[in-house]
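Undergrad: Make a model of this:
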Amino acid sequence: MRTSSCIVQLAFLLLVLFAVTMTVHRLFLNGNGTATPAPAETAAPPEPDPTPEATLDHDEIEIV
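TA: Coordinates of the predicted model:
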């Protein structure tokens, strides 16, 4: 009975160690070996086009 309890504790310890390792890897290394944030996290969303032509419908366009 004691051996199975030891095996269960060892399996749980390995699971926790794997979870901690993957969390640290995701937070600090991002898979490329550097401690910089991933480009997807730092990229700003594109700004909408401020020109009035961008807001016109096809029916509203005037040809002068």
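Undergrad: from here on, contacts and neighbour counts on C-alpha atoms
TA: Noted.
Undergrad: now residue 47, what's its secondary structure?
TA: coil (DSSP: H, G, I helix; E, B strand; the rest coil).
Undergrad: Counting neighbours, what do you get for it?
TA: Number of residues near residue 47 (other C-alpha atoms under 10 Å) recorded here: 6.
Undergrad: what's the one helix or strand residue 17 maps to packed up against?
TA: Residue 17 belongs to helix 2-24 when elements are defined using DSSP states H and E. Judged by 3 or more C-alpha pairs under 8 Å, 6 or more residues apart in numbering; DSSP states H and E, helix 2-24 is in contact with no other helix or strand.
Undergrad: how much space between residue 4 and residue 27?
TA: Computed as C-alpha to C-alpha, to the nearest Å, the residue 4 to residue 27 distance reads 35 Å.
Undergrad: For these two, work out which one has more neighbours and name it.
TA: Ranked by neighbour count (other C-alpha under 10 Å), residue 4 and residue 27 place residue 27 first, with 13 against 9.
Undergrad: Next one: that one, what pLDDT does it get?
TA: For residue 27, the model assigns a pLDDT of 77.
Undergrad: ok, now the one 4 residues further on?
TA: In this model, residue 31 is scored at 59, pLDDT.
Undergrad: ok, now residue 2?
TA: According to the model's per-residue confidence, residue 2 sits at a pLDDT of 78.
Undergrad: what's the answer for residue 39, then?
TA: 59.
Undergrad: now swap in residue 12 and tell me
TA: As summarised for this prediction, residue 12 has a pLDDT of 97.
Undergrad: Could you check how many residues crowd around it?
TA: If you count neighbours by other C-alpha under 10 Å, residue 12 ends up with 12.
Undergrad: same thing with residue 28?
TA: Every residue meeting other C-alpha under 10 Å relative to residue 28 is counted, giving 15.
Undergrad: Next, work out how far apart it and residue 10 are.
TA: In this structure, residue 28 and residue 10 are 27 Å apart, going by C-alpha to C-alpha.
Undergrad: what's the answer for residue 17, then?
TA: When residue 17 is compared with residue 10 (using C-alpha to C-alpha), they lie 10 Å apart.
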